[in-house]
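Undergrad: can you look at this prediction? I've put the sequence above it.
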Amino acid sequence: DVQLVESGGGSVQPGGSLRLSCAASGYTYRMAWFRQAPGKEREGVLDILTETGITYWADSVQDRFTASRDKAKNTIFLEMNSLKPEDSAMYYCAADVEPHGHNWDPRALQYWGQGTQVTVS
């Protein structure tokens with residue numbers, strides 16, 4: 001099994017920035033960030049193929065968020081800029097160790113972190 005440890009959430013004013021990180025305990029084929037606000041479905045934000053660094057973005061964030069990775073440490077980073085109140089949610093890191101392609105369906109990812117809260121107000 002792969003354990004995922006997230007960090008970096010917090011509270012920020014609109015227009016501010018936060019950086020989330022997710023460290024995996026072992027090999028992953030892809031890692032992703034999802035978010036879920038109260039009363040809403042979990043939605044994908046970033047999907048990254050950990051070997052190649054190819055990224056897929058949700059339309060709502062692709063002009064404001066950036067991603068990076070540290071392959072040696074099995075860690076991905078989500079830099080969130082120009083944050084809006086609608087970005088407020090619990091952010092979850094997820095991972096898949098099988099070579100499946102990009103998929104925004106949360107059921108396609110095998111491993112999940114505990115989540116980190118992001119509040120923009």
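TA: Ah, there it is. Just so we're clear, the structure is a prediction, and the values are computed from it rather than from any experiment. Numbers count the residues shown, from 1 in each chain.
Undergrad: going forward, measure contacts and count neighbours with C-alpha atoms only.
TA: Will do.
Undergrad: now the closest residue to residue 80 other than its chain neighbours: how far from residue 87?
TA: Excluding its sequence neighbours, the residue lying closest to residue 80 (CA to CA, 6 or more residues apart in numbering) is residue 65, at 4.5 Å. Look at residue 65 and residue 87: by CA to CA, to the nearest Å, they are 11 Å apart.
Undergrad: check contacts around residue 104.
TA: By CA atoms under 8 Å, 6 or more residues apart in numbering, the residues touching residue 104 are 43, 44, 47.
Undergrad: circling back: and the residue nearest to residue 80, how close does it get to residue 78?
TA: Residue 65 is 7 Å from residue 78, where distance means CA to CA.
Undergrad: check residue 115 too.
TA: Counting by CA to CA, the separation of residue 115 from residue 78 is 14 Å.
Undergrad: what's the answer for residue 53, then?
TA: Between residue 53 and residue 78 the distance is 13 Å, computed by CA to CA.
Undergrad: overlap in contacts, the two.
TA: Counting by CA under 8 Å, 6+ apart, the residues touching both residue 53 and residue 78 are residue 68.
Undergrad: which one of the two is surrounded by more residues?
TA: More crowded of residue 53 and residue 78, by other CA atoms under 10 Å: residue 78, with 20 against 16.
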